[in-house]
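> show me how the following folds:
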Amino acid sequence: MNEEDDNLDDVDRAITDRLAKLGREPVDTSGLKNRLDKLLDEESPAPDGTANAAIPYPSRRRIPLAWAALVLIGAILAAFLWLQTSNRPFEITPVKLADIHDHYHEHGNALTPVGSVDEANRQMTLQWASAPGFPEIEGASIDTCCLYELPNCRVACMHLKSKGQEVTVVVGNARDIKLSGMQLVQSDGRHLAIGASGPVNVVSPSDPDRFIALVSRMPSAELADLAKGLRR
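The predicted structure follows:
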């Protein structure tokens, strides 16, 4: 019995040594691509039009399903990135607001003549159903209004004269627009963002729902006073 146990021990050791040796052997993967190509070729229909029976049904479907899953994942990621980009607020600067102000002089034929804030609001609603309303401005002469397209959003513009100076009032949805390049100040209990682009000054009073900006070559202090007097 002891002799048989010794023989079994010798066999076990031999098997263990062999497995350990195999585990240390390098694995040759150079033929992996050829084997995969052969597998795909075998999946192709036979010359008589019948499916190649060399591969079981589940194996023949595994690779196409994997490709379909990859395509689906890619489409989901692309849609997610598009939504993230399209929902990002447009970053507006004094330079862009100055361009909007000058737009009136360059595209006069695109303007709608109006004589009051109420009329301007009605005209904008006809062109943009969810257009935020213009604020009331004391002592101003309302001239025209128009829509201005920005990337991923739009703003409504009203052109007026105050103290002999041309002023553009720009309004939009607060969620669509983010101010940049402006200095935040507090004056008479009102929070204002003040900036400039060359001779054009910009004042934006704080509003939780609307983006509002007054743009003009009017001196910054006078434009700030006009902004503080807005009736919203």
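
> pLDDT wise, what is the closest residue to residue 230 other than its chain neighbours at?
Nearest residue to residue 230 in three dimensions, chain neighbours excluded: residue 135, at 4.2 Å (Cβ to Cβ, 6 or more residues apart in numbering). (Glycine included, C-beta is placed from N, CA and C.) Looking at residue 135, its pLDDT is 95.

> for residue 135, give its distance to residue 210.
8 Å (Cβ to Cβ, to the nearest Å).

> swap in residue 160?
From residue 160 to residue 210 the distance is 17 Å (Cβ to Cβ).

> neighbour count winner among these two?
Just comparing residue 160 and residue 210: by other Cβ atoms under 10 Å the higher neighbour count belongs to residue 160, 24 against 17.

> if we can go back for a sec, and the residue nearest to residue 230, what does it touch?
117, 169, 171, 212, 230, 231, 232 (Cβ atoms under 8 Å, 6 or more residues apart in numbering).

> JSON lines please, covering these and showing pLDDT.
Below are these laid out as JSON lines (pLDDT from 0 to 100):
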{"residue": "117", "pLDDT": "96"}
{"residue": "169", "pLDDT": "97"}
{"residue": "171", "pLDDT": "97"}
{"residue": "212", "pLDDT": "96"}
{"residue": "230", "pLDDT": "89"}
{"residue": "231", "pLDDT": "82"}
{"residue": "232", "pLDDT": "70"}
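
> just the buried subset of those, please.
Buried subset of these (neighbour count, 16 or more other Cβ atoms under 10 Å): 117, 169, 171, 212, 230.

> show me which of the residues you listed is closest to residue 74.
Taking Cβ to Cβ as the measure, residue 171 is the one of the buried ones among the contacts of residue 135 closest to residue 74, at 39.9 Å.

> with only the CA atoms kept, save stretch 176-192 in PDB.
Only the C-alpha atoms of stretch 176-192 are listed here, as PDB (Å, rounded to 0.1, in the frame of the first residue of the first chain):
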ATOM      1  CA  ASP A 176     -29.700  80.800 -22.100                       C
ATOM      2  CA  ILE A 177     -27.100  83.500 -21.500                       C
ATOM      3  CA  LYS A 178     -24.100  84.000 -19.300                       C
ATOM      4  CA  LEU A 179     -22.500  87.400 -18.800                       C
ATOM      5  CA  SER A 180     -18.700  87.500 -19.200                       C
ATOM      6  CA  GLY A 181     -16.100  90.300 -19.000                       C
ATOM      7  CA  MET A 182     -18.300  92.600 -16.800                       C
ATOM      8  CA  GLN A 183     -17.700  94.100 -13.400                       C
ATOM      9  CA  LEU A 184     -20.300  93.600 -10.700                       C
ATOM     10  CA  VAL A 185     -21.200  96.600  -8.700                       C
ATOM     11  CA  GLN A 186     -24.000  97.600  -6.200                       C
ATOM     12  CA  SER A 187     -25.600 101.000  -6.600                       C
ATOM     13  CA  ASP A 188     -28.600 102.300  -4.600                       C
ATOM     14  CA  GLY A 189     -29.400  98.700  -3.600                       C
ATOM     15  CA  ARG A 190     -29.400  97.400  -7.200                       C
ATOM     16  CA  HIS A 191     -26.900  94.900  -8.500                       C
ATOM     17  CA  LEU A 192     -25.400  95.900 -11.900                       C
END
